[in-house]
Each structure stands twice: as C-alpha cells, then as structure tokens.
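J.: quick one: sequence and predicted model below, then my questions.
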Amino acid sequence: MKHFFICLIGILVLLTYSCSPPKTIEGHWKMTRITNDGVDVSSEHNPQNDRWIELNADHTFVSDGTPFGRNTGRWSITKEGWLWLDSDAGEADDSYWTYNISGNEMRWQGQKFEFSKHFVIEHIRTDNPSE
C-alpha cells in the first residue's frame, strides 16, 4: 500500500509538470499591454492590437505590427540574465529587458537605457502571433 501511494504521488507530479505551459522564451508572443511609468500606453504603441514577436530557437527574432512594422534581428540572454534584442534596423533600435514567464504570459521591463527603463511590455504565448 505504501508503494502504491508513492507511485501515485510520482504520477501526479509528472502529470503536473507535463501539463504545464513551457517556460522557454522561444515561441510566438502577442503583445497585450504596454505601460510607461505605470500608465497604459497601449493605444499609442499598439493601436491595432496586432503587435507580436517570434523568438526562434536559432536566436533570431521577427516582430511586426502597427505602428512600427516588421523588424528582424538576433536575440540572446546576457550575463545579467536580460533579454537582448539586437535589431537589424541598427544600434538605436537595440533593447535590453528583464523578463519573467508565468504560464503562457511573459512580462518585460526595460533595462540599460534611461528611456526604456520606464516601459513594461506584457505578452501572451500564441500558436500564431497574428492572432
């Protein structure tokens, strides 16, 4: 009987972890909210609610949506644990973010540059980033 309960607990633990959403940053992410100093600025920075980013396993990214349009580049995690987006549009478009993934949601907080430190961007994982 003791072994039965140990096996049952083991199975429940395995099922819990196997049913959990992935914790990886790779994937399709739809932008859901942008705040600047705590003020929601989504209507200005995502007016059509169509912005998204795809972070690929080969460390490339593609993003798109109104009003900024398509962007491509490379991403990596810095020694500080920040997400670094190295944009093909040039150095002025590069950005650094701390990030937190909880379930199918990801939250970015701007880092390094004074301007971006005030921004928080929230995303939700999707199968299709344009959804």
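T.: The structure has been received and is ready for your questions.
J.: quickly find the element holding the residue nearest the centre of the chain.
T.: Centroid-nearest residue in the chain: M106, 4.5 Å away (criterion: C-alpha atoms, centre = their mean). Following DSSP states H and E, the helix or strand that holds M106 is strand 105-111.
J.: so where do the strands sit in the protein?
T.: 27-36, 39-40, 52-55, 60-64, 71-77, 83-87, 95-102, 105-111, 119-126 (DSSP state E).
J.: make sure K117 is actually in contact with Q111.
T.: Yes - taking contacts as C-beta atoms under 8 Å, K117 lies within contact range of Q111: 6.5 Å. For glycine as for every other residue, the C-beta is placed from the backbone atoms N, C-alpha and C.
J.: who's more crowded, the two?
T.: Set side by side, K117 and Q111 show more neighbours around Q111, with 19 against 13, by other C-beta atoms under 10 Å.
J.: residues contacting Y99?
T.: By C-beta atoms under 8 Å, 6 or more residues apart in numbering, the contact set of Y99 is 25, 82-83, 106-109.
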